[in-house]
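**Student:** please find the sequence and the predicted model below.
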Protein chains: 4
Amino acid sequence: MNVGFVGCGRMGRGIAANVLKGGHDVLVYNRTPEKTAELVAAGARAVSSVADVCAGREVVITMLADDAALNQVTLSTSGLRDSLGQGAIHMAMGTHGVAAIRDLAKAHAETGQTLVAAHVFGRPDVAAAGQLGIVAGGPPDAVRRCEPLFEAIGRHTFPAGPAQESASAIKLANNFVLGCAIEAMGEGFSLVRKYEVDPQVFYDVLTDGLFAAPSYKVYGKIIVDEAYDNVGFTAELGLKDINLVLAAADIARLPLPSANTYRDRLLGAIARGEGELDWAIMAREQARAGGLD
Amino acid sequence: MNVGFVGCGRMGRGIAANVLKGGHDVLVYNRTPEKTAELVAAGARAVSSVADVCAGREVVITMLADDAALNQVTLSTSGLRDSLGQGAIHMAMGTHGVAAIRDLAKAHAETGQTLVAAHVFGRPDVAAAGQLGIVAGGPPDAVRRCEPLFEAIGRHTFPAGPAQESASAIKLANNFVLGCAIEAMGEGFSLVRKYEVDPQVFYDVLTDGLFAAPSYKVYGKIIVDEAYDNVGFTAELGLKDINLVLAAADIARLPLPSANTYRDRLLGAIARGEGELDWAIMAREQARAGGLD
Amino acid sequence: MNVGFVGCGRMGRGIAANVLKGGHDVLVYNRTPEKTAELVAAGARAVSSVADVCAGREVVITMLADDAALNQVTLSTSGLRDSLGQGAIHMAMGTHGVAAIRDLAKAHAETGQTLVAAHVFGRPDVAAAGQLGIVAGGPPDAVRRCEPLFEAIGRHTFPAGPAQESASAIKLANNFVLGCAIEAMGEGFSLVRKYEVDPQVFYDVLTDGLFAAPSYKVYGKIIVDEAYDNVGFTAELGLKDINLVLAAADIARLPLPSANTYRDRLLGAIARGEGELDWAIMAREQARAGGLD
Amino acid sequence: MNVGFVGCGRMGRGIAANVLKGGHDVLVYNRTPEKTAELVAAGARAVSSVADVCAGREVVITMLADDAALNQVTLSTSGLRDSLGQGAIHMAMGTHGVAAIRDLAKAHAETGQTLVAAHVFGRPDVAAAGQLGIVAGGPPDAVRRCEPLFEAIGRHTFPAGPAQESASAIKLANNFVLGCAIEAMGEGFSLVRKYEVDPQVFYDVLTDGLFAAPSYKVYGKIIVDEAYDNVGFTAELGLKDINLVLAAADIARLPLPSANTYRDRLLGAIARGEGELDWAIMAREQARAGGLD
C-alpha cells in the first residue's frame, strides 16, 4: 500500500520500520527531520510537510504524543484533512482522548475521509519486533483495508467495533487497570512493611499465583527495589493519561473512584518534585501517607 | 508427627486428608461431628472435644472461619491453651486479623506453647490436591518443626518472618490486592461499556497481555458473563475480609484508599440484598453507579 | 465612571442595575438584545457589539456563563482586547477557571489593559439588592480604581491579592467547601435514616448548634424535604464547577479527595437523568448507594 | 429524683453539678475517687462501688469514655445491670457505638430496667453552664421520666425516637458532619494557598456568609493559625470517633465515602506522630499531600 507516516518518536520509528518491512511504500514526515534518517536508510522517503506526506496515499498513520499535536497535524491549514484525498484513511495510533478522536472522526467524515483509531499495547522494543497488540475501531470497511498494515505492525488485532472512540476507550481503560494494579500493590506493600515483612517475600507470594502476569512482575519489582528512577513511563505522563481516563468517564457520566485514588497519589508525588520518576512512584507516595520513608 | 486437627470445613478436610497421606497420626475434632467421617475413613481418629484433640500432640492445626471461632477454641476453658502441652505448637491456618493472631501468640507464649500462623492460598480443590501456597510466620524453630506438615499440605511455603502476624498481614494484603483488581476491572468494564465496546473484547485485551494471570482471567470472566451467582466467595465474606484488612491498617496507622473504595462497593451491593452473590458483584455495583443496568 | 457591561443574565442584570444606581454611565451589550430592555429603561444605553461597548470606557464588566464565552468575548477579533483602550480595565465577574483567568490577564497586559477578577457571592436577589460579597484580585492600582463600582454592587469586598487567579481560586474553593457540606449532610442523613431517625430531627440538631449557617439550613432543608426539583443550581452546573475546582488543583498539583467524592455523586445522579435537578441531588445519590430509596 | 452518677471526667462533673443544682439527690461514683471531691462539696454523696451508686436510685447516669468502660460498668458482676432495681433507668450520656447501645438496651430490658441514650452536644464549659444540647432515645415513658434531669443539664432536648441507638446515630452523624467540614476546609485552604492567597482572607470569605457558624469559625481559625497544639479534641479521639461512625455504617450496610477520606487524613497524621494534636491536624496532613509544608 501507499502509506504516509507522521511522528517518528521511539514507538513511531519501530512501527514505520515494520510497515516498510511489510513491503509497503512509505513517505515519512517528522517535525524534527533528523529522526527520519533511520527510516530513510531502510527505504522510506522523507518529505518536508504534512501536505506532502499525504500525496497519493491510501493511508496516513499518525503516532503523536497528545491530542494537541494530533489536532494540529490534522486540522490546521494544509494538514491531513486538507491534504488527504477522498476515500483515504487516517490511522491514529497514539493514545488519545475519546473527545478528540470523536471530533476528528466527524471532521474527516465531512471531507470524505475515514479515521481509523488503532491504538497499540507494548513498549518500543515490542514495536520494533512487530509484536504490538492493536485495538482497532472504525467503519468495518476501513478497518479491513488496514489489515495488511496491522499484520506488518502487530501480533494480534482486537476489533473494538465501528466507533473509533471505542478503541480509544479500550486503550485508556487498559492503562487505567494497570494504574490501579500499581496503586493496589503500593498499598499492599505498605501494609506488609508495617508488619515487618520483607517486601521481596510479598512479591514472591503475589507473582507466584494469582498475579503471575507482566504487570505485577514488572511493577512489583520496581516497588520492591524502589527503582523509581529506572523510568519506563513518567509520573507526569501517568497523570496526563489518567486525566484522559477521567475525561472519558466524565463525558460518559461515570464515576471511577479508583481513578481518583491513584491520580491523587500521582499529584502528591509530582507536588514533591517526582514528576519525572517512573509512575510507580505512586507506591512511595502511598508509603509516605502512612509515615513510612 | 502426632497431629490434632480442628475445623473440618471444605478447606480443612482437604488439608487434613493430605496430612494423613503424609503418614502423620491425626486426631480430628469438629463442632459438627458428621464432617469428620471422611477423614476417619481415611485413617484419622475422631475425638469429641478440643481437649481430647490435644492429647499427646506435637502440633494442633486449626482451620476456622473467623477470629471469634479461633478465640473460642483456643482461649475458652479446656480449650487449646489449657490442653496443649509445654512446647507444643498451635498452627492457625484460617484467615485471621492481625490483632487476634498477635494476642493468641502472646497467650500461647505465656503457657509455654508456640503459635505458628500458616495461612494458605488456593481454593478447596487446590487444598485437596495438596498444592496450596503457604505463608508461615512464627519463631524459626517452631516453623522448622512444621515443615513436614507444610510439605504434606502445600506446593510452596513462603517465610513471613519471626512474627506470626507478619504472615497474617501477607495473607490479608494478598486478598486485598485481589479485591482491588476486581474493582479496577469493574470500573474498566463499565467505562468501555459506555463506549459501546463488547465486554468480551476488553477481556481479551486485558488477559492477552499485561494481565494474563488467574486473578484477571477468573474474575474478568465472571464480570463479562455477569455470572455473580456462580459463587466462589460471597460479598459478605469479602466485606468481612476487607474489614480485617482495614483493621490491620488501622492498627498500623496506614490509610488504604483503594480498600475504602471496594469496601464501599461491597456495602452498596449488600445493601441491595446481594450479599450472598460472588464478591465480584462489586463490578455490578460500580456499573450501577454510572447508571448502567 | 464610564462603564461597559457585557452579559445580562439574571446575575448580570442585578449588578448592572446597581452600577447605574451608583451614578455611573453604562453602555450595555448582550448577545440576546431583549435582555437589555430593563437596563435601558433604567438609564443604560444598549449597543450592538462588543466593540461598541468598549468605546470610551474606563471599565468593562463581563458577567458570563463560562470560560468559553469569556474567551470568545475577550479574544475574538473586535473583542474586548482589540477594542479596549490603553489603561482600561476588564473586570471579569463570572465564575471562571484559574487557567482562563491567568491567560486572559496575560493577554490584556500585552495590550496595555488590566484584568481585574471580581467574583461574587450571592444569588440573583442578593445581586439585585446590591448586597453581594465580592472577592477582587489584580494589580492594586486597578483594584482601587474599581472601588466605586464595588461599592455600588456589593456589601463587602475581600482583597485576594495582586494575582487575578487568586480571586478565582477563592471563589472556586468557597463553592467547593459548599459542595462538601452538601455531600457530608447527604451522608449524615443517610446514616441516621438507617437508624429510624426522622430527618427533621437531625436537621434540627445540626442547625441548632455547630452548623447554624445558611449553607446547612438551605441545603439541609432541601434534603429533608427531598425538594430537588426546587432548583437553585443544577447538578450539571455543579459538575462544571467541581471540574473547574479539580482543574485548578491539577495545575497546582494538589489532591482534593473530597472533591472526587462529591463529583462522583454528581456523575451518578446525572447518569440517572437527574442533571437538571438541584445539585443537592448528590444526597439522594448517596442514599441510593446504601440501598435507600 | 434519686440519681446515681458514674464518670466524673470534665464533662461528667459539669453535668452532675447541674443535676445537683436542679435539686436532685445525687450519689456519685468514680474509679479515681479524688475526682468526686468537687461534687461532694456541692452536696453529692460519694460511694465506693458501682453497686452502691445504684442503691435506691430511679436513674443512674453514666458519662464514660468509651464502649469498653460502659460495658465494664454495666455488665460486669455487681455492675449496673446486677444492681439497678426493677423499673430503674440507666441513662448513658457518653458517645458510644450503635452496637454497644443496642446490646445494652437489650441486656437491661432482660432484667426489667430501661436504657435511655442521652448524648450531648457541647464542650465542658457548656456542660458546666447547663446549656448542653441533648439528643435522647429510648422508650417514650422512660424518656419522659428523665425530663427533669434534661432540664437541669441542658438547653434543649431533641427526641430521637423509641430506639436508643437512634440517638447514638444522631450523635455520631453530627460529629461526622463536623469532621467533614474540617477536612473540606483543609482542602479549601490548601487550594487557595497554592494560589498565593492569605489564608485569613479565605477564612473571612467563608465565615462572612455561607459558613457563619461555630464549626467553621472555630476550626477555620485553628487552621489559619496552624494552632494544632491548642487541643480541644485529639486526632486519636477523632479516629476513635470516625471508627464508631464507620462501624455504624457497616452495620447498616452504608458506604460513607467522606468518612473514609478524613479517616485517612487522621491516620496519616497519627502515623507521623501527631495523634495528640487537635484533630484539625487533618488540614495539615492534607496540605502535606500537596507538597505544602
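**Tutor:** Noted; the coordinates are in hand.

**Student:** in the stretch 101-250 of chain A, what residue spans correspond to helices?
**Tutor:** Secondary structure of the stretch 101-250 of chain A (DSSP state H, counting those that start in this stretch): helices at A:124-128, A:140-145, A:147-153, A:164-194, A:199-208, A:214-225, A:235-252.

**Student:** assess the claim that residue A:17 and residue A:41 are in contact.
**Tutor:** No: between residue A:17 and residue A:41 there is no contact under Cβ atoms under 8 Å: 10.0 Å. C-betas here are computed from N, CA, C, even on glycine.

**Student:** so for the two, which sits in the more crowded spot?
**Tutor:** Between residue A:17 and residue A:41, counting by other Cβ atoms under 10 Å in any protein chain shown, residue A:17 is the more crowded of the two (24 against 9).

**Student:** confirm the more buried one sits in a strand?
**Tutor:** No: counting by DSSP: H, G, I helix; E, B strand; the rest coil, residue A:17 is not part of a strand but helix.

**Student:** can you report how many residues lie near the nearest residue to it once chain neighbours are set aside?
**Tutor:** With sequence-adjacent residues excluded and distances taken as Cβ to Cβ, 6 or more residues apart in numbering or on different chains, residue A:17 is closest to residue A:42, at 5.8 Å. By other Cβ under 10 Å, 14 other residues sit near residue A:42.

**Student:** what do you get for residue A:250?
**Tutor:** Neighbours of residue A:250 using other Cβ under 10 Å come to 18.

**Student:** so how far is residue C:176 from it?
**Tutor:** Plainly put, residue A:250 is 17 Å away from residue C:176 if you go by Cβ to Cβ, to the nearest Å.

**Student:** how about low-confidence regions in chain A?
**Tutor:** Applying pLDDT under 70 to chain A flags no residue at all.

**Student:** spatially central residue for it, please.
**Tutor:** residue A:95 (3.9 Å; Cα atoms, centre = their mean).

**Student:** pretty sure it is touching residue A:241, no?
**Tutor:** Yes: Residue A:95 is within contact range of residue A:241, at 6.9 Å (criterion: Cβ under 8 Å).

**Student:** now do the shared contacts for those two.
**Tutor:** Contact criterion Cβ atoms under 8 Å, 6 or more residues apart in numbering or on different chains; residues shared by residue A:95 and residue A:241: A:172, A:175.

**Student:** residue A:101 reaches residue A:92, doesn't it?
**Tutor:** Yes: if you go by Cβ under 8 Å, residue A:101 and residue A:92 touch, sitting 6.8 Å apart.

**Student:** re the thing from before, mind putting the helices of the stretch 101-250 of chain A into CSV with distance to chain B?
**Tutor:** Output for the helices of the stretch 101-250 of chain A, formatted as CSV (distance: least, Cβ to the nearest Cβ, whole Å):
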stretch, distance to chain B
helix A:124-128, 10
helix A:140-145, 13
helix A:147-153, 15
helix A:164-194, 3
helix A:199-208, 5
helix A:214-225, 4
helix A:235-252, 4
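
**Student:** residue C:121 is nearest to which of those?
**Tutor:** Proximity to residue C:121, assessed across those by Cβ to Cβ, is greatest for helix A:235-252 (26.6 Å).

**Student:** next, count neighbours for residue A:103.
**Tutor:** If we define neighbours as other Cβ under 10 Å, then residue A:103 has 17 of them.

**Student:** what does the stretch 101-250 of chain A put close to chain C?
**Tutor:** With Cβ under 8 Å from any Cβ of the partner chain as the criterion, the stretch 101-250 of chain A meets chain C at residues A:239, A:243, A:249, A:250.

**Student:** ok, so of those, who is nearest residue B:205?
**Tutor:** For these, the nearest to residue B:205 is residue A:249 (18.0 Å; Cβ to Cβ).

**Student:** once you drop chain neighbours, what's closest to the residue nearest to the centre of chain A?
**Tutor:** Leaving out its chain neighbours, residue A:95 is closest to residue A:171 (Cβ to Cβ, 6+ apart), at 5.7 Å.

**Student:** so what's the residue count around that neighbour?
**Tutor:** Residue A:171: 31 neighbours (other Cβ under 10 Å).

**Student:** ok, now residue A:111?
**Tutor:** Quick note: residue A:111 (other Cβ under 10 Å) scores 13 neighbours.

**Student:** got it, and residue A:85?
**Tutor:** Neighbourhood size, residue A:85 [other Cβ under 10 Å]: 13.

**Student:** residue A:43 - nearest residue in space that isn't next to it in sequence?
**Tutor:** In space, residue A:43 is closest to residue A:20, 5.2 Å off (Cβ to Cβ, 6+ apart).

**Student:** now the helix or strand harbouring residue A:81: buried residues?
**Tutor:** Using DSSP states H and E, residue A:81 maps to helix A:80-83. By 16 or more other Cβ atoms under 10 Å in any protein chain shown, the buried positions in helix A:80-83 come out as A:80, A:81, A:83.

**Student:** and stretch A:202-219, by the same measure?
**Tutor:** Buried residues in stretch A:202-219 (16+ other Cβ under 10 Å): A:202-207, A:209-211, A:213, A:215-219.

**Student:** which one of the residues you listed is nearest chain D?
**Tutor:** Chain D lies nearest to residue A:202 out of the buried residues of stretch A:202-219, by Cβ to the nearest Cβ, at 19.6 Å.

**Student:** neighbours around the residue lying closest to the closest one once chain neighbours are set aside, how many?
**Tutor:** Leaving aside its sequence neighbours, residue A:202 sits nearest to residue A:192 (Cβ to Cβ, 6+ apart; 4.7 Å). Other residues near residue A:192 number 25, with proximity taken as other Cβ under 10 Å.

**Student:** cool, residue A:130 as well?
**Tutor:** Using other Cβ under 10 Å: residue A:130 sits among 19 other residues.

**Student:** next one: residue A:201
**Tutor:** 19.
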